[in-house]
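> Fold the following.
(6 chains)
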There are 4 protein chains.
Amino acid sequence: MAGRDEQSEAGTGEAFGGPAHRPGRPRSAEAGAAILGVATDLLAEKGLSRMSIEEVAARAGVGKATIYRRWPSRGALALDAFLTEFQSQLTLPHTGRFREDLRAAVKSWVRAVATTRAGRMLAGLIAEAQRDPDLAVAWRARVFNPLREQHRALVDQAVRRGDLPAGTDADLVLDLVFGSAYHRLLHGHLPLDERFVTQAVDLVVDGLECGQGRRPRAHGPGKIGGNAGHRAH
Amino acid sequence: MAGRDEQSEAGTGEAFGGPAHRPGRPRSAEAGAAILGVATDLLAEKGLSRMSIEEVAARAGVGKATIYRRWPSRGALALDAFLTEFQSQLTLPHTGRFREDLRAAVKSWVRAVATTRAGRMLAGLIAEAQRDPDLAVAWRARVFNPLREQHRALVDQAVRRGDLPAGTDADLVLDLVFGSAYHRLLHGHLPLDERFVTQAVDLVVDGLECGQGRRPRAHGPGKIGGNAGHRAH
Amino acid sequence: MAGRDEQSEAGTGEAFGGPAHRPGRPRSAEAGAAILGVATDLLAEKGLSRMSIEEVAARAGVGKATIYRRWPSRGALALDAFLTEFQSQLTLPHTGRFREDLRAAVKSWVRAVATTRAGRMLAGLIAEAQRDPDLAVAWRARVFNPLREQHRALVDQAVRRGDLPAGTDADLVLDLVFGSAYHRLLHGHLPLDERFVTQAVDLVVDGLECGQGRRPRAHGPGKIGGNAGHRAH
Amino acid sequence: MAGRDEQSEAGTGEAFGGPAHRPGRPRSAEAGAAILGVATDLLAEKGLSRMSIEEVAARAGVGKATIYRRWPSRGALALDAFLTEFQSQLTLPHTGRFREDLRAAVKSWVRAVATTRAGRMLAGLIAEAQRDPDLAVAWRARVFNPLREQHRALVDQAVRRGDLPAGTDADLVLDLVFGSAYHRLLHGHLPLDERFVTQAVDLVVDGLECGQGRRPRAHGPGKIGGNAGHRAH
DNA sequence: TCTTAACCGAGACGGTACGTCAAGTCTTCCT
DNA sequence: AGGAAGACTTGACGTACCGTCTCGGTTAAGA
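Numbers count the residues shown, from 1 in each chain, chains lettered A, B, ... in the order given. You can find the predicted model right below:
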């Protein structure tokens, strides 16, 4: 795994019944905060690939072992640093109109990655996850999937309201919209701005709205007949 | 820069007038081929991040300097190895119907990255490009942009034929379709298969076809009139 | 210093009048015994240089601080472990004939270091004492000097009996005999066995017995006359 | 093994027929000299146990790998540094009189270890050899045995001349004399000076000279009858 | 034919960072 | 206050590669 280690203060199990201290000297909160802070700075400064555990330790005034005791790898540390920066920046609005909600959600994400140092961290994390399977797992579990669930709820609500056709493939929609945003982030070939978000969301929502009826979005072989109408234009 | 070095056999300057050899012993073609071959194997075997110049040199029976003389970095070498594998696998059909052409183009790309070792290489290259700006430049110049030009031609032709509304933003379309495919490649959260391609292309093309009149896809306001005829279907 | 610490159970003050506890929880006798036992095992198993306080603590089920509270260094602990093993193995016979007594004393020492795990410990301690001056002091105070006093008594008695010439330098004799034994222990170039002991002792005693009249063994020239009477036996 | 590595310049095999270059860049003589020099300084300054490869590399302006490429361990490096210092300081005189020759040889050794930084190095090396079997082997092969052969020759010549009885056990003699000197070096309980050397040599040579005839120095059980004569003086 | 210039393999060079280990100290709760 | 536990800072370990360099030795073109 690539997240925090066992003695994490983010514990979930100690629900009630007291502080549940482990034996031994507790981990130093200062040390942890200093490490995360320095890691965040270094990440923004030179990118994950140029951030070394050695330098984090030196700048944080901490031994390397103190870092390795808490995070199993550079990537895991970076993931925590990223979350600290990133999570506070996202807003998930719910106006009741799908097009606006999706626009707002994507814009919020884009603003977070394009205008703060989180973007640089994010690209580095995705790169690191290509080489570190543990980090990839942690990434999906702690960042990707939670966000996707929130976004998927947007789609599902729209379907329930009747704004979108039944059978709409939420993953397809989200991969199109967010995938294209990641694309611009990673390749930098074109600007990742609000105009792009508006256009992308509109195009996809248009496709959903008028493509319905004609074609089942999910499985089934029945797309042949549905395509008939297409031929018209 | 991250491409081949000056004394490249892909030279452009020897336009006419003969072989234009430099003085000195010419570069060994065997060495170059051996290096590329070993690099390809290693890339497929363990990924770019685990491939070291040291090991390439050792396996190819070549001195490290011979590699550095030809490629400026690990990424540049990997880029060449990737192109050797990748380029032969793409087909760019032109049936005349945009939806089919785009589907075929994306499927060809997906097949190349999802069913061969090129996919692994590709993910590694994108990761490496996040840390190596020279490689990022070379990547765009030698892989990304050429392919995009070909695909953009598909869109432009469709617009010219009237299959798509004038003012269609080709980059937006391509970022949506290919961006979502890259997304699944890099995060691995869902399968990157032909069904996904079909659905993604259909959704985007639907959006293009019916979203048109309502909203200008491109900048200026003057497009509204031009789009009028489209509104018919 | 490198011996036991202040609150030693070898205390002298609790002579009468009760347990004379210091404030606070008294030291656990089990802990001390467990530490010494584990240390002895580890010493025999892998040598002093490969014995770590960390492992002693873990195997003894004891906190590291509990060890450091009682012994100031790894060497001091090893010294105690060595003494526990070693001291019971020595016998100091007194037959009244110097040659036999010295032979027996050296053989007893040789047997202890050559046939038990004490030998390995001893070599390790001498090595450690080269780097740790505190241990060197403790070593001399608790092992080397006490033993030397016993052996010196042998020589002194022989001189008093007239078996050896007056003015015999006991330290010289003992350094020759025991020094050569340590030599074989530390360098391992030749066997350290009873035959060697016999030959060494005989050669040195021969030298003492017949070298006398010709040369003063100890300081100053004034001893010549004094030694005259010795020649009688 | 703990001596120099394979590509040693001390080669013996290239007797004639040229320089016998290995492929690749030759090792830098400056680097080697700098390393040895710094190692010698550090050894004298703080002892082998406090000398770290890290610091040698830093002070010599050399990468750690350059040291590890040439010496397999800290001990092996220290051994070479010791030899550089030590070997030039020994003189092996041959006057023809055994007592004087042995005295001179031991005094030369004592002077080298007691008055120069070689002594500190020597004690550290012997300590290190207790924990590193490879170093122990190298120590015996490169220092101990060569010196012993020279000294044994002294004894053997004396026997051939008739100065010493046939059957004299040279190893026994040398272990007594040098063993006692090492003893004082390692334990520091008494001064290691020229007076000590004179006394020790004289005592041992006396023992050899007058113990003869009465007792075979080698093997044989026949020492009982031989002891009869003892009572005579 | 002889230079010359750039290539070739090999491998050493000074470095950086790795991840691990143990040192000796400190901090917590419990007995 | 002692004890078990275990986190703390420190510093060194030996390894892996980096990108550069220096060898002896090829291989053509051009003088």
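
> Torsion angles phi and psi at A:K107?
When read as degrees, to the nearest 10, the backbone of A:K107 gives phi -60, psi -40.

> The residue lying closest to it once chain neighbours are set aside and chain D, how far apart?
Leaving aside its sequence neighbours, A:K107 sits nearest to A:V197 (Cβ to Cβ, 6 or more residues apart in numbering or on different chains; 5.1 Å). For glycine as for every other residue, the C-beta is placed from the backbone atoms N, C-alpha and C. Here the criterion is Cβ to the nearest Cβ, to the nearest Å. By it, A:V197 lies 51 Å from chain D.

> So A:V197, which state does it fall into?
Classification of A:V197 into helix, strand or coil gives helix, according to DSSP: H, G, I helix; E, B strand; the rest coil.

> Pretty sure it sits against A:V113.
No - with contact defined as Cβ atoms under 8 Å, A:V197 does not reach A:V113; the gap is 11.6 Å.

> These two: who's more crowded?
Neighbour comparison, A:V197 and A:V113: the larger count goes to A:V197, with 24 against 21 (by other Cβ atoms under 10 Å in any protein chain shown).

> List the contacts of that one.
A:R103, A:V106, A:K107, A:V110, A:A181 (Cβ atoms under 8 Å, 6 or more residues apart in numbering or on different chains).

> before we move on, what about A:L147?
A:L90, A:W109.

> List the buried residues of the helix or strand containing it.
Under the assignment given by DSSP states H and E, the secondary-structure element containing A:L147 is helix A:145-161. Under the neighbour-count criterion of 16 or more other Cβ atoms under 10 Å in any protein chain shown, helix A:145-161 has A:L147, A:R148, A:H151, A:L154, A:V155, A:A158, A:V159 buried.

> got TSV for these, with pLDDT too?
Supplementary listing: those in TSV, determined by pLDDT from 0 to 100:
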residue	pLDDT
A:L147	96
A:R148	97
A:H151	96
A:L154	95
A:V155	96
A:A158	95
A:V159	95
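
> which two from the residues you listed end up farthest apart in space?
A:L147 and A:V159 (19.2 Å; Cβ to Cβ).

> A:A44: what's it in contact with?
Residues counted as contacts of A:A44 (Cβ under 8 Å, 6+ apart) are A:R117, A:R120, A:M121.

> For the helix holding A:L147, what is the distance to the chain centroid?
Counting by Cα atoms, centre = their mean, to the nearest Å, helix A:145-161 is centred 15 Å from the centre of its parent chain.

> Say whether chain B is contacted by the very next helix or strand once past it.
Tracing the chain past helix A:145-161, the next element assigned as helix or strand by DSSP H and E is helix A:170-187. Yes - applying Cβ under 8 Å from any Cβ of the partner chain, one finds helix A:170-187 touching chain B at A:171-173, A:175-184, A:186-187.

> so which of these also contact DNA strand F?
Restricting the residues of helix A:170-187 next to chain B to those adjacent to DNA strand F (criterion: Cβ under 7 Å from any atom of the strand) removes every one of them.

> Let me know the closest of the residues you listed to chain C.
Taking Cβ to the nearest Cβ as the measure, chain C sits nearest to A:L186 out of these, at 45.8 Å.

> Tell me who's in contact with that closest one.
Neighbour list for A:L186: A:A123, A:I126, B:I126, B:Q130, B:Y182, B:L186 [criterion: Cβ under 8 Å, 6+ apart].

> So which of those is the closest to A:R99?
For those, the minimum distance to A:R99 (Cβ to Cβ) is 24.8 Å, reached by B:Y182.

> okay, the closest one: pLDDT?
As predicted, B:Y182 sits at a pLDDT of 98.
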